[in-house]
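Student: Only the shape, not the letters, is given here:
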């Protein structure tokens, strides 16, 4: 569980930045070179590469270098960690609201 928790923490840290979320969103449509991705953002290539390294270090993307071109690919399985966590949270809160609803709508027991 601790391993999964630290992986989830890393994914959330990586997704906390709007630039990195935009990269993940773009890669959801298909792989792209670092150059193609970087053109969409008003920053230097070295600054953009820090974002790529963060996404890669946390397992959200993989990069493959072919000659001088580095291509980024989204790791959809890693995003499943977030989906699983959100589903668990949703179940927990739905159960709590169901119990609250039962409590609020239950007829009062009369006292003798």
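Tutor: Perfect, thanks for sending it. These figures come from a predicted structure and were not determined experimentally.
Student: Going by C-alpha atoms from here, please, whenever you check contacts or count neighbours.
Tutor: Noted.
Student: How far off centre is the longest helix along the chain?
Tutor: In the chain, with assignment by DSSP state H, the single longest helix is helix 76-105. Relative to its parent chain, helix 76-105 has a centroid offset of 17 Å by C-alpha atoms, centre = their mean, to the nearest Å.
Student: That helix packs against which elements?
Tutor: Helices and strands touching helix 76-105, by 3 or more C-alpha pairs under 8 Å, 6 or more residues apart in numbering; DSSP states H and E, are helix 2-15.
Student: Provide a list of residue ranges in this structure with pLDDT below threshold.
Tutor: 1-4, 96-103, 109-112 (pLDDT under 70).
Student: try 90 this time
Tutor: Within the chain, the stretches with pLDDT under 90 are 1-9, 77-112.
Student: And for the nearest residue to residue 11 once chain neighbours are set aside, the neighbour number?
Tutor: Leaving aside its chain neighbours, residue 11 sits nearest to residue 58 (5.8 Å; criterion: C-alpha to C-alpha, 6 or more residues apart in numbering). Burial of residue 58 is recorded as 20 neighbouring residues (other C-alpha atoms under 10 Å).
Student: how close does residue 58 sit to residue 106?
Tutor: Taking C-alpha to C-alpha, to the nearest Å as the measure, residue 58 falls 47 Å from residue 106.
Student: hmm, who's touching stretch 65-84?
Tutor: 8, 11, 24, 27-28, 30-34, 59-64 (C-alpha atoms under 8 Å, 6 or more residues apart in numbering).
Student: Kindly report the same for stretch 19-26.
Tutor: For stretch 19-26, contacts defined as C-alpha under 8 Å, 6+ apart pick out 14-15, 37, 41, 51-52, 55, 60-61, 74.
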